[in-house]
Structure formats: structure tokens, C-alpha cells
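J.: Need a 3D model of the sequence below.
(2 chains)
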Amino acid sequence: MNRPGILLLVMCLLVVAPLALAQDDVNITILQWSHFVPTHDQWFDAWAEEWGAANNVGVRVDHVDIEQIPQTLSASISAGDGHSIFEMIVPAFAFVQGLHPLNDINAAAVEAHGAPAETCPDGSYLAIADMYFGFAHGYLPGPGHYVKSLWEAAGYPDGPATWQDLLEGGRAIYESSGIPVGMGISPEPDSQAGILAAVWSFGGSIQDENENVVFNSPETIAAVDYYAQLYREAMTSEVLAWSPASDNQALIAGEASYILNPISAYRALQHIDPEAAADIGLAPALAGPAGPIASTHGWLTYIIPTYVQGDELEAAKQFILDHTANYRDAVLNSALYNFPCYPSTVPDLQTLLENDPFGSVPADKLTVLSRAGEWSVFPGYPGPSNPAVLQFFSENWLANVVASVALGERTAEDAVAEAHARAEVIFEEWRALGLVGGGG
Amino acid sequence: MNAIMSRWIDDSRLMGIVFLAPATLYIVLLVGLPFVTALLFSVSTATVGDASFNYVGLRNFANVWQTPAFRDALVNTFSFTVIAQICTIILANILAQLLTTPLPQRRSGRIGMWIARMLLILPWATPLSLSVVGWLWMFDSKYSPIDYIFRELALLGPGTVWGPANNLIWLGKPLLAKASIIFVHVWRMTPLATVILMAGLSSIPTDLLDQAEVDGSRYFRTLFQVKLPLIMPIMLISLLFGFIFTFGDLTVVYILTRGGPITHTLTLPMYSFLVGIDGGNLAQGAAVSLFIFPVLLLVAVVLLRTASRAEVR
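T.: Numbers count the residues shown, from 1 in each chain, chains lettered A, B, ... in the order given. Purely as a prediction, here's the structure:
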């Protein structure tokens, strides 16, 4: 090749190469929590890679401990750089100003798959701004897990159905066998969820329908007094130091007669001791004077920070929608731990629950979960979701109120009034930012 | 060229700036900037989703001060730090005395001393989070090895002094949880304090100790009236390190108790994390953490001045 030919070739390369490189330069990165059911992550990583290859998008998935996601998201938003998609399990209300509105893909999912389960929008929709800041693909119902043989002997063959049953039956079991009830009262989310369930079932709540603080009520005080009595008569001080995994461990070790948890505890026991797992029954939310209400134990929600732009943003949205369209695989690979926000994506969910493919004895043990959507609500209930409720929840006020009464350090009236005062301050601050309604 | 270089090198003012520049840059970037950022956050409405600056004056400080949990955290942070430092300095003195005794003549004795010194430094050399997870298991409410030893010694269990329960439930009872936190801080800080004190003890001129011996001074008189006064400046530096590390520590409380039961082990760094990161209220979290600063500044100034005076004397 002569010199002009070489020059021409070099010029062509200089012009074409950047264009060629730019064409397949769309990359997305996903930060997921390490799933409690390891097969889910194996499936997800492979599926994400296949999706990337099919859509000409580079996909990288990172898995981290569940508690590190909010910290990583916070740092990423501050830096204006980081993963394209984050999977949250606790709703990301506090981050809402740094997130893309995802109303478009939420609408697209409704169009494709029908209405979502009632509890799902609660974890991703900010009512005051009419904004979906996330896309909930799944949720985690938290049924009661009870040891059948113990509760049968105590006169409750189907486990406790009400909070009163839990107190009376749990006390009888504790007195006769030394095995306590396993409801945490420590600074961690599972404890908070259990206490909030009692508060709701007794007719109390943190806020009302209009996002005004109503925590200090006779109903809340009655629930707190109840929980303190449950602690004194049917539990040990161990529950004051529990971590989120402690109730699982207690059930597996045969050291708890009843816990409130997603089915991960039961699934783990199936692997460790199938005979003991067969002796575990699942029950719906416990009923109180206001009925059976429990907190959903997690909302599997994808969010996209505002620093994600252009093709990366579009690819991220498409990934989320395609993932939801394949949700049956997610449900199966999580051993029915993930519940679909769009039930039509898992048309045989009822059949799977009635005949658990993962070896439950009896096979229809999980059927109770088919109505989980009816008794699972968000911590903001009966009002809409907002960041103030989440901050109140994160500061562990529910567990602290109950623990201080249980240990005799305060009366329920004083403890609830103190928590109410703090809630007012928290709500006022978020209200000033325009992220919480009420206060009029 | 050489002449210019030579002039630069001889310019002590210029060389001083050059040598100090890396340290200054380090402090400005890794200490100064975060500190100023925290100051700005604390008087703003910053959240984890939006760190833009909207000035609200001292409102965050006032709101935080009204919270009982904050006041509990303040008291706990002080009491944990002071108790832990008193225990640490006593233990470190004892260990430093033991480990600076003249090495045994026999080879096995020297090896033994070397192993003892190596083991001593291990708690400090191990990553803190890993070692605290180890302590979390040691304090487990059901399977604590400490409880097992107490049961074997017939101190715990039915019909015993601390019975009838089979477990003490270290982290579930307010007093024991506080003691556990303090114990882990002491365990962690003692090696550093010991090494610092050993360096101090070995720098004492032997003629002073010989003189004391000739004058008839026995062990404790030499210790309290010769050695300790001489190592006082370095002991205060060790105390300063321990105070700063313990006062600002998040890891120990976060892993062991997350501030519970109730707020009995809640400290300022833990509360700042709960409010600022978990709760999303970055501004208030920053306000909580800034309460730590004046205390540490005051302690640093007082201890450094005391150390300086002791040195002059």
C-alpha cells in the first residue's frame, strides 16, 4: 500500500472507530442485596447476563449485604456516580429527591400485567408528589411460624389466631416447656414490624389517613401494655438483644414457639431438619380488637438515581420491565420467598402454594400465604407512605417504647407520649421539605 | 541548575513548606473537608437524597437536644469512654511493667516473652469489625462460651449463685450490655496503650532507676514516684488516643447492640448513623455527630497542654 493509501486508511479508522465503539457502549450496573435463598442470585446473575447479550447492553450485577444498600445509595447520590439500579428492601422514601420518577414504567407494567398487589405501591409511591420513585417487583409477606406440637398441646391446634391467643398459649407453653415466644423487642426492623402489627391490630397507628401523627392514643397504649405483658410472661430478655436473624435462629434451634417472619426461617429449617420443619405451621396475621393486620416484611423495589441518564436510563428501565415479565422464575428460584407484585406474572401461584414444589409437609402448608395481600400493609397505614414514617421506624421508637415499659422504666403512657413528641418533630421537618402531607 | 537546587535546599522555610505539604493536604482533604461539609449539613435541610444547602440556622441542634434518646446517647458516650479509659490505662500500665522487665537469659524464656508481646498486639492488629463479630458470638445469648465456663464453674444454672437461668444474656440486660461494650473497648485499646507505655518506660534513663535503687527505693515507690511521673506525658498521649477512638467509635455498638436494650448502649456516633443514614435525615445526623467535636477538641487541648507542662517539668 502506498503512502496516500495508508493515510486514507488511518483517517477512516479515526472516524469509524469511535462510532463503532459508541454503538455497544451502553452499560448498566445493578446493586442487589444478597438474597436469603442463594439459588435466586445464581438464577438472577445468569438471567441478567442473557438479557444483556440479547439487548446489546453490558450488564454487571453486584451483590452486597442487605444493610449496606442504603449507605451505598447515599454515597452514590452524593457523588453523582454509581450503580444504575439499586434493589431496596426497605422503601427508599428518604432518597426520593435523588431518584428518577418511574411513573412511566409503573404504568407500563400495569398495562402489561394488570393491577399490582395492594401492598406494592406503598413502598414506591410518594402520594404528596404523585410520584413513583421506585418500581416494586415483589414483596415479602411475614406469616406467623408456630411449632405445631407445642401449640396443639396448649389447646391451639391451628396456632394462635389472635394476640390474646399468643399471650395465653405462649405463656402456657413457656411455663410447661421453657420455650418462649420469639418476638423481638430490639433496635432492628423485624422487632419494629412485629410491634407495629400489634399497634395496628389494637386500633392504633403512627399517622392517620392525612399524614398527621396520632401515635399517642389509648389504642397504642393498650398495644404497648399488651406487648410488655407478653414479654414478662412468655419471653426472656434475649429478645431485647436480637438481630434480624435471631428469630430465624431461635426457631431453627427449637428455642421459640412462635415467630413472625418471611418464610426464610422455615426454608432454612427444611434443609437442616426436615422433621422439625414438618412440625412448623404457618398462620396469618394475628387479630386484635381492630382485626388482623401485619406489616409486609419487605418491598423488593428497584430505584434509579438521577445521575443515570440517556441510553443507560432507558436500558435500566427496560431491564426492570423485562425482569418483571419473567417473575415466575424469580419466585421459583427464591423458593416462593419473593411474592410477585404483579400476580398475573405467576399465573400458577395458587397451585404452587397449594402444592409446594420445595417439599413442604403437608404440601399445602404455604396456602395461608395466598391471602397475604389482605393482611399485609405498609408502616404508614392507614395513611400513605412517606419518609417521616420511615425515619420514625428507623430510629427504633417502637421497640424502645415497648422495651422501656417491659423493663419497668416508664409507663406506657409516658413512653408513648415521648415517642409521639419525637414523631411530631420528624414529621414537621419532612413536611417542610414538601415530602409529607397533613399538619394543617 | 545545581546552584538553584542548592539554594532551594538551603532555604529552610521553603523546605519546611515542601515537607509539610503532604500532611497538610491529607488533613485538609480527609479531615477538613468532611468536617466543613458536616458543619454545612448541620445547619441545612440536607437529606440522603438531596444534599443541597438550605440554611435553617440551629434548628437541627435544638431538635436533637430535645430528644431523650440523644441525651441518653450523650451520657453513654461519656461514661463508656471515661470508664473504658480508666480501665485501659490501669491494665496497660500493669502489662507494660510486666513486658519491660529484663528479658530472661534462657532462650525459651526470650521466645516466651516474644510470643507474649506478639499476642498482646493482636487485638489491635485485627480488623475491628471482625474482632467485634467474634465478641458478638462470645456474648451470644444461648451459646456464649463465657456462660459455658460459668456453668462449668457452677456459678450459672439452676441452684447456683447467678441461676436459675442457664445464660446471663449479656446483650439483653441493660447493665451487662453496657459492661460488654466497655469491655470490648478496653480489650481493643489496651494493646496500643501498652505499646505506647512500653516505649515510654524503655526511654527512662537507667541511671535514674539505679539511683533510686541505691537510695533504697522499693518497687512501688520507684513505680509511683519515679517511673510514672517520667512517663506521664506519653501516658497522656496514650489517653488522648484512647479517648478519641472510643468516643467516636461506631463499630462496637453497631455490631453488638445497635444501641439497645432501649437506649442503654446508644452512643452519639450510633445515633448519628440511625438518624442520618438509616432515617435519611442527613442534616440532623450531622448535627448529632457535631456534638462530638467540641468535646474531642477540649480533651485534646487539655491533655496536650498537660503533657507539655509535664515534659517541661
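J.: Mind checking if stretch A:254-270 is in reach of chain B?
T.: Yes - for stretch A:254-270, a contact with chain B is found by Cβ under 8 Å from any Cβ of the partner chain, at A:E255. Using the backbone N, CA and C atoms, a C-beta is placed for each residue, glycine as well.
J.: buried sites along that stretch?
T.: For stretch A:254-270, burial by neighbour count (16 or more other Cβ atoms under 10 Å in any protein chain shown) applies to A:255-270.
J.: Endpoint to endpoint, it covers what distance?
T.: Distance across stretch A:254-270, first residue to last, is 13 Å (Cα to Cα, to the nearest Å).
J.: Please report the average pLDDT across that stretch, rounded to a whole number.
T.: Averaging pLDDT along stretch A:254-270 yields 92.
J.: and it, how far from the chain's centre?
T.: Distance of stretch A:254-270 from the chain centroid (Cα atoms, centre = their mean, to the nearest Å) equals 17 Å.
J.: For chain B, state which of the buried residues of stretch A:254-270 is nearest.
T.: Closest to chain B out of the buried residues of stretch A:254-270 is A:E255 (6.6 Å), distances taken as Cβ to the nearest Cβ.
J.: Show me the buried residues of stretch A:254-270 that map onto strands.
T.: Within these, residues falling in strands by DSSP state E are A:Y258, A:I259, A:L260.
J.: Go ahead and confirm A:G373 touches A:A117.
T.: Yes - between A:G373 and A:A117 there is a contact under Cβ atoms under 8 Å: 4.7 Å.
J.: In the stretch 201-313 of chain B, what residue comes closest to chain A?
T.: Shortest the stretch 201-313 of chain B-to-chain A distance, computed as Cβ to the nearest Cβ: residue-wise this is B:G280, at 2.1 Å.
J.: quick revisit: distance to A:W299 added to the ones in strands among the buried residues of stretch A:254-270, as a markdown table?
T.: Converted to a markdown table, those look like this (distance: Cβ to Cβ, whole Å):
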| residue | distance to A:W299 |
| --- | --- |
| A:Y258 | 24 |
| A:I259 | 21 |
| A:L260 | 17 |
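J.: I'd assumed A:D62 was in contact with A:D45.
T.: No - using Cβ under 8 Å, A:D45 makes no contact with A:D62, being 10.0 Å away.
J.: Am I right that A:L282 is in a helix?
T.: No - under DSSP: H, G, I helix; E, B strand; the rest coil, A:L282 falls outside any helix and is assigned strand.
J.: What pLDDT is listed against it?
T.: Residue-level pLDDT assigned to A:L282 equals 96.
J.: quick one: contacts for it?
T.: Neighbouring residues of A:L282 by Cβ atoms under 8 Å, 6 or more residues apart in numbering or on different chains: A:P143, A:G144, A:H145, A:Y146, A:I263, A:Y266, A:K365, A:L366, A:V368, A:L369.
J.: Specify which member of these is nearest to chain B.
T.: A:H145 (18.2 Å).
J.: The strand or helix carrying B:V299: which residues count as buried?
T.: For B:V299, the host element (DSSP states H and E) is helix B:292-312. Within helix B:292-312, the residues scored as buried using 16+ other Cβ under 10 Å are B:I292, B:V295, B:V299, B:L303, B:A307, B:A310.
J.: From those residues, which one has the minimum pLDDT?
T.: For the buried residues of helix B:292-312, the pLDDT minimum is B:A310, 66.
J.: where does chain B have low pLDDT?
T.: B:1, B:103-105, B:310-313 (pLDDT under 70).
J.: can you tell me if the longest helix anywhere in it touches chain A.
T.: Using DSSP state H, we find that the single longest helix of chain B is helix B:68-99. Yes - residues of helix B:68-99 contacting chain A under Cβ under 8 Å from any Cβ: B:P68, B:A69.
J.: so what secondary structure elements neighbour the helix or strand that that helix is followed by?
T.: Counting by DSSP H and E, the next helix or strand C-terminal to helix B:68-99 is helix B:107-125. The elements that helix B:107-125 packs onto, with contact taken as 3 or more Cβ pairs under 8 Å, 6 or more residues apart in numbering or on different chains; DSSP states H and E, are helix B:68-99, helix B:174-202.
J.: Tell me what angle helix B:107-125 forms with helix B:174-202.
T.: If you take axes from the mean of the first three to the mean of the last three Cα atoms, to 10 degrees, helix B:107-125 sits at 130 degrees to helix B:174-202.
J.: buried residues in helix B:107-125?
T.: Buried residues in helix B:107-125, counted by 16+ other Cβ under 10 Å: B:M113, B:L120, B:P123, B:W124.
J.: Ok, stretch A:402-410 next?
T.: Applying 16+ other Cβ under 10 Å to stretch A:402-410 flags A:V402, A:A403, A:S404, A:V405, A:A406, A:L407, A:R410 as buried.
J.: okay if I get the residues you listed as TSV plus secondary structure?
T.: Formatted as TSV, the buried residues of stretch A:402-410 follow (three-state DSSP):
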residue	secondary structure
A:V402	helix
A:A403	helix
A:S404	helix
A:V405	helix
A:A406	helix
A:L407	coil
A:R410	coil
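J.: now, among those, which is nearest to B:L274?
T.: Checking these against B:L274 with Cβ to Cβ, the nearest one is A:A403 at 15.4 Å.
J.: Next one: that closest one from chain B, what distance?
T.: Distance from A:A403 to chain B, counting by Cβ to the nearest Cβ, to the nearest Å: 5 Å.
J.: what's near enough to touch that residue?
T.: A:I185, A:S186, A:L240, B:G260, B:P261, B:I262.
J.: One more: A:G184?
T.: Contacts here follow Cβ under 8 Å, 6+ apart; on that basis A:G184 touches A:D190, A:S191, A:G194, A:V239, A:W242, A:S246, A:D247, A:A399.
J.: cutoff 10 Å now
T.: Counting by Cβ atoms under 10 Å, 6 or more residues apart in numbering or on different chains, A:G184 touches A:190-195, A:235, A:238-244, A:246-247, A:250, A:259-261, A:399, A:402-403, B:260.
J.: Repeat that for A:E87.
T.: Going by Cβ under 10 Å, 6+ apart, A:E87 touches A:30-33, A:35, A:44, A:61, A:63, A:66, A:69, A:134, A:137-138, A:300-303, A:320.
J.: hang on, it is in a helix, isn't it?
T.: No - read with three-state DSSP, A:E87 is strand and lies in no helix.
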